[in-house]
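Visitor: Next one to model:
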Amino acid sequence: MYIALTFDDGYKEHLRIARYLAKHGIRATFFIITGLREYMGRKLLEPEDVRMIHEMGHEIGSHTMTHIDMTRTDRGTMLKELVRSKEVLEDIIHDAVVSFAYPYGPHSDEAARLARGIYPIVRGTYLGNARHYKLFDEHGCIMAFNLRVDNVYEVLELRKFNYVVLFTHAPNLIKLSLLLKALSLLRPKYVTLREIFIRP
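Guide: Numbers count the residues shown, from 1 in each chain. Now for the predicted structure:
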């Protein structure tokens, strides 16, 4: 089984998480807000932090410039946020940014069309029970199961899949280590979204 771990927003703590994962041979995908220095009262990664995470072998993806709600934002603003965030990240890491995650998870038909026209990989968030998890939604966007400590018992329901995409904020290393221990029951091979969905 292949598992792609994904982290949203680009909190400063994600640098520590990226180091921990790299130390354990795990590559993940980090979706970065590029136009803010703080979000929800927490500091976000600096450009040099993002560059270091990329150099560790992790994938860097876009999470818009200002974490807009893509169910309520006009087309022009969405397009600007999608394009500019990609440009900013590519300038930082000197590599192509091919993945995008919707802020908040939900998205409109128009948002899906715009995002999929710019990014080969577009990820939403699945909030239901693991028993009903599907890898793709009706727009062809990849869905990430929202893995938390309080629903980690559901991971065994994911055994039927060859590929699983997981989303977690994993606010600290203790919680992350608990989640990884539970996931070890699946004997996963950890990969980035790019490694799963973009063939060389």
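Visitor: Show me what counts as buried in the lowest-mean-pLDDT helix or strand in the chain.
Guide: One helix or strand of the chain scores below all others by mean pLDDT, DSSP states H and E: helix 173-183, with a mean of 92. Neighbour-count burial for helix 173-183 flags 176, 179-180, 182-183 (criterion: 16 or more other C-beta atoms under 10 Å). Any C-beta I mention is one placed from the backbone N, CA and C, and that applies to glycine too.
Visitor: what's the longest strand seen in the chain in contact with?
Guide: The residue-count maximum for a strand in the chain (DSSP state E) belongs to strand 2-9. With contacts defined as C-beta atoms under 8 Å, 6 or more residues apart in numbering, strand 2-9 is touched by 14, 17, 21, 26, 28-33, 39-40, 44, 61, 63, 67, 101, 103, 123, 144, 162-170, 183, 186, 188-193, 195-196.
Visitor: Quick one, which of these are buried?
Guide: 14, 17, 21, 26, 28-33, 39, 44, 61, 63, 67, 101, 103, 123, 144, 164-170, 183, 188, 190-193, 195-196.
Visitor: Where does pLDDT dip in the protein?
Guide: 170-171, 199-200 (pLDDT under 70).
Visitor: okay, the longest helix anywhere in it in PDB with CA atoms only?
Guide: Identified as the longest helix of the chain according to DSSP state H is helix 75-93. The C-alpha coordinates for helix 75-93 follow below in PDB (Å, rounded to 0.1, in the frame of the first residue of the first chain):
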ATOM      1  CA  ARG A  75     -13.200  33.900 -10.500                       C
ATOM      2  CA  GLY A  76     -10.700  36.600 -10.900                       C
ATOM      3  CA  THR A  77      -9.500  36.500  -7.300                       C
ATOM      4  CA  MET A  78      -9.300  32.700  -7.400                       C
ATOM      5  CA  LEU A  79      -7.200  32.700 -10.600                       C
ATOM      6  CA  LYS A  80      -4.800  35.300  -9.200                       C
ATOM      7  CA  GLU A  81      -4.300  33.400  -6.000                       C
ATOM      8  CA  LEU A  82      -3.800  30.100  -7.800                       C
ATOM      9  CA  VAL A  83      -1.300  31.500 -10.300                       C
ATOM     10  CA  ARG A  84       0.600  33.800  -8.000                       C
ATOM     11  CA  SER A  85       1.100  31.200  -5.200                       C
ATOM     12  CA  LYS A  86       2.500  28.800  -7.700                       C
ATOM     13  CA  GLU A  87       5.000  31.400  -9.000                       C
ATOM     14  CA  VAL A  88       6.100  32.400  -5.500                       C
ATOM     15  CA  LEU A  89       6.800  28.800  -4.500                       C
ATOM     16  CA  GLU A  90       8.600  28.000  -7.700                       C
ATOM     17  CA  ASP A  91      10.900  31.000  -7.200                       C
ATOM     18  CA  ILE A  92      11.700  29.700  -3.700                       C
ATOM     19  CA  ILE A  93      12.400  26.000  -4.400                       C
END
